[in-house]
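Trainee: My questions concern the predicted model and sequence given below.
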Amino acid sequence: MAKEFTNSPKSNLKFRSRSSKNGDNNGGGFDKQERGKMGSSKKFTKEKTPFRANPLKVSSLESNKKKFGDKRKKFEDFSGKSSKKSDSNFDKKSNKGEKKHFRMNTVKDSSFETGKKNFGDKRNNFEEGSSKVPFLNSEKKFWFKKKNVEDDSVEAKPKKKKRVIKIDRYDFSNKRLDDGNVLNEITNQQKKKKEEQKEDVEKVELSMNAQFRAIQPSPSIFTFVEDNLLGRRRDIDLRRAGYNTELSWPLDNIPFSTSTERERIEESVFRNKLEFFAAAKVSSSFPPPDLPEIAFAGRSNVGKSSLLNSLTRQWGVVRTSDKPGHTQTINFFNLGKKLNLVDLPGYGFAYAKEEVKEAWEDLVKEYVSTRIGLKRVCLLIDTKWGMKPRDIELVHLMERYQTKYQIVLTKTDTVFPLDVARRAMQIEETLKQHKSIVQPVMMVSSRSGAGIRSLRTALGKIARFVKP
Ligand SMILES: Nc1nc2c(ncn2[C@@H]2O[C@H](COP(=O)(O)OP(=O)(O)OP(=O)(O)O)[C@@H](O)[C@H]2O)c(=O)[nH]1
Ligand SMILES: [Mg+2]
């Protein structure tokens, strides 16, 4: 049904409140639908006692009326046909006896005219037969049709491919660095890398361990280990073998021990009194080479000084310490005017400045390569860790200068007997091509005294062939 908007106070208020609710700005509160209706069939009638909410609107209406009112009258008078048309359009209310009409919008009016041309007689027919608004109906139909056509076209058209954007996870050039996610990604990647590196290191270590475990010691080495009670042993095993386990090693300071003590020193040369007689920081302060010398070389803390004490059973003559780098000079000891024992400063890890350590190393190298009267260098290797690059470096140096050297595995009491045998086997295998090496590899523990007797025997031979 065609609605009528009268300027009655009630209707006006209603209208305003609805438009303001919707927040619509279409022509001072008219929504689109209402406008369409208005353009097609609605009339704005002016009541006798109008109430105008908006004085501006009223003034504009009045001015419109002034502008077009007279012209329209003239036009109606001039052409009856056109006036009829205009009546059918605008003067629908004329049937109800209202006198004055005015247009709200001239543009709408013209569009209405064109609409009328298009729909022409049909509309008139409809108006006669039906009370519904024909233009609206036709518009609705048109809209439905349009929708259907759109649906068809959607079905007919091939589906558009989705645009896939590939993102490079490692490309941060286009991202803000202060973005938390990006930072998280970076830290995650760094963590992953570190873990991978750790795994790689572990793999290498594992493979080295696996290689070590695969070593099969020769029967001669293994029997030597067992005979000398080398390696970590239970007290009961040591007692059964005749050792007095109640004697701690510093108390075992008896050069001429009897069977009731731990072990008798059979090699006479080592029963002699051990006397310190020279220390050298530079090669120029080395003492004259009167007696044959046996030097003890090796990394810091490997147990050089302890071995000297253990060999002679004269604890305290050679100072020892659990702090690496304790011995900082080349110390010369005389043993019964038959043999000189030389305690060398350690190389590698030590609590000392780099320059100082380098100076020690150079001094040791100079000593082992140039010292006249040096009969043997005992190269001490920690049984647990094996040979390190600095040890190999020294070996090469001694090979070059044809200095006789013998490998002595120390601290054998810290590992299992089988591992002692494996380590000895491993070193023998790696150095078997070398010419200046004196076989076999010796294995000792200054703490338990295991293997010391065998080392005395091996070193005692050097003193025996020395002419007085
Ligand atoms: N378990 C065990 N510990 C030992 C053995 N020999 C030495 N040690 C210990 O190893 C540490 C270092 O001993 P040192 O004789 O001073 O070693 P070093 O090679 O002279 O050390 P630097 O003088 O620094 O080159 C000391 O705490 C000793 O008690 C051993 O056979 N077994
Ligand atoms: Mg020392």
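Mentor: It's in. Numbers count the residues shown, from 1 in each chain. Ligands and ions are numbered 1, 2, ... in the order given.

Trainee: Mind giving me the packing neighbours of the longest helix along the chain?
Mentor: The helix that spans the most residues within the chain, counting by DSSP state H, is helix 180-213. Judged by 3 or more CB pairs under 8 Å, 6 or more residues apart in numbering; DSSP states H and E, the packing partners of helix 180-213 are helix 417-430. Backbone N, C-alpha and C define where each C-beta goes, glycine included.

Trainee: buried ones in the helix it packs on?
Mentor: The neighbour-count criterion (16 or more other CB atoms under 10 Å) identifies Pro417, Asp419, Val420, Ala421, Arg422, Arg423, Ala424, Met425, Gln426, Ile427, Glu428 as the buried residues of helix 417-430.

Trainee: repeat for stretch 386-394
Mentor: Buried, per 16+ other CB under 10 Å, within stretch 386-394: Gly386, Met387, Lys388, Arg390, Asp391, Leu394.

Trainee: Pipe the buried residues of helix 417-430 into TSV and attach distance to ligand 1 and pLDDT per row.
Mentor: TSV is the format used below for the buried residues of helix 417-430 (distance: CB to the nearest ligand atom, whole Å; pLDDT from 0 to 100):
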residue	distance to ligand 1	pLDDT
Pro417	15	94
Asp419	14	95
Val420	12	96
Ala421	17	96
Arg422	18	95
Arg423	14	95
Ala424	15	96
Met425	20	95
Gln426	19	94
Ile427	17	95
Glu428	21	94
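
Trainee: OK, contacts around the residue of the chain found nearest ligand 1?
Mentor: Evaluated by CB to the nearest ligand atom, the chain has Gly346 as its residue closest to ligand 1, separated by 2.7 Å. Contacts for Gly346 (CB atoms under 8 Å, 6 or more residues apart in numbering) come out as Gly298, Arg299, Ser300, Asn301, Val302, Lys304, Pro324, Gly325, Thr327, Trp360.

Trainee: cool, and Leu308?
Mentor: Counting by CB under 8 Å, 6+ apart, Leu308 has contacts Leu274, Phe296, Val317, Val318, Phe333, Leu341, Asp343.

Trainee: Quick check: of those, which has the highest neighbour count?
Mentor: Phe296 (27 neighbours; other CB atoms under 10 Å).

Trainee: and the stretch 301-450 of the chain, which of its residues are near ligand 2?
Mentor: Listed as neighbours of ligand 2 in the stretch 301-450 of the chain under the rule CB under 5 Å from the ion: Lys304, Ser305, Thr327.

Trainee: who wins for neighbours among those?
Mentor: Among these, Lys304 has the most neighbours (other CB under 10 Å), with 28 neighbours.

Trainee: Where does the closest residue to that residue other than its chain neighbours fall, secondary structure wise?
Mentor: Nearest-residue entry for Lys304: Phe296, 4.3 Å, with adjacent residues in sequence omitted and distances by CB to CB, 6 or more residues apart in numbering. Counting by DSSP states H and E, the element that carries Phe296 is strand 293-298.

Trainee: list the helices and strands that strand packs on?
Mentor: helix 304-312, strand 339-343, helix 354-370, strand 374-382.

Trainee: Partner strands of it and their direction?
Mentor: strand 339-343 (parallel), strand 374-382 (parallel) (DSSP bridges).

Trainee: of all the ones you listed, which has the lowest average per-residue confidence?
Mentor: Mean pLDDT is lowest for strand 339-343 among the strands paired with strand 293-298, at a mean of 92.

Trainee: Mind checking if it is in reach of ligand 1?
Mentor: No. Remark: strand 339-343 sits outside contact range of ligand 1, by CB under 6 Å from any ligand atom, the gap being at least 6.9 Å.

Trainee: what's in contact with that strand?
Mentor: 269, 274, 290-296, 304-305, 308, 311-312, 318, 327, 330-335, 367, 373-374, 462-463, 466.

Trainee: filter the residues you listed down to the ones close to ligand 1.
Mentor: Within the contacts of strand 339-343, those near ligand 1 by CB under 6 Å from any ligand atom are Lys304, Ser305, Thr327.

Trainee: if I pick the first one, what's in contact with it?
Mentor: Okay, so that is Lys304. Phe296, Ala297, Gly298, Thr327, Asp343, Leu344, Gly346, Leu380.

Trainee: Likewise for the last one?
Mentor: For Thr327, the contact set (CB under 8 Å, 6+ apart) comprises Lys304, Ser305, Arg319, Asp343, Leu344, Pro345, Gly346.

Trainee: And those, which is the shakiest by pLDDT?
Mentor: Arg319 (76).

Trainee: burial count for that residue?
Mentor: With other CB under 10 Å as criterion, Arg319 counts 12.

Trainee: That one touches Ser305, doesn't it?
Mentor: Yes. At 6.3 Å, Arg319 counts as touching Ser305 under the criterion of CB atoms under 8 Å.

Trainee: Need the residues touching each of the two.
Mentor: His326, Thr327.

Trainee: Can you give me the pLDDT of Asn26?
Mentor: 41.

Trainee: need the contact list for Lys337.
Mentor: Asn272, Leu291.

Trainee: Doesn't it belong to a strand?
Mentor: No. Judged by DSSP: H, G, I helix; E, B strand; the rest coil, Lys337 forms no part of a strand; its state is coil.

Trainee: And it, how far from Ile294?
Mentor: 15 Å (CB to CB, to the nearest Å).

Trainee: same thing with Leu418?
Mentor: For Leu418 relative to Ile294 (CB to CB), the value is 30 Å.

Trainee: circling back to that earlier point, got the angle for the longest helix of the chain vs helix 417-430?
Mentor: 90 degrees (axes from the mean of the first three to the mean of the last three CA atoms, to 10 degrees).

Trainee: Tell me the buried residues in whatever helix or strand comes next after helix 180-213?
Mentor: Downstream of helix 180-213, the next assigned helix or strand under DSSP H and E is helix 219-227. Buried residues in helix 219-227, counted by 16+ other CB under 10 Å: Ile221, Phe222, Phe224, Val225.

Trainee: so who does the last one touch?
Mentor: The neighbourhood of Val225, defined by CB under 8 Å, 6+ apart, consists of Pro217, Gly231, Pro417, Leu418, Val420, Ala421, Ala424, Met443.
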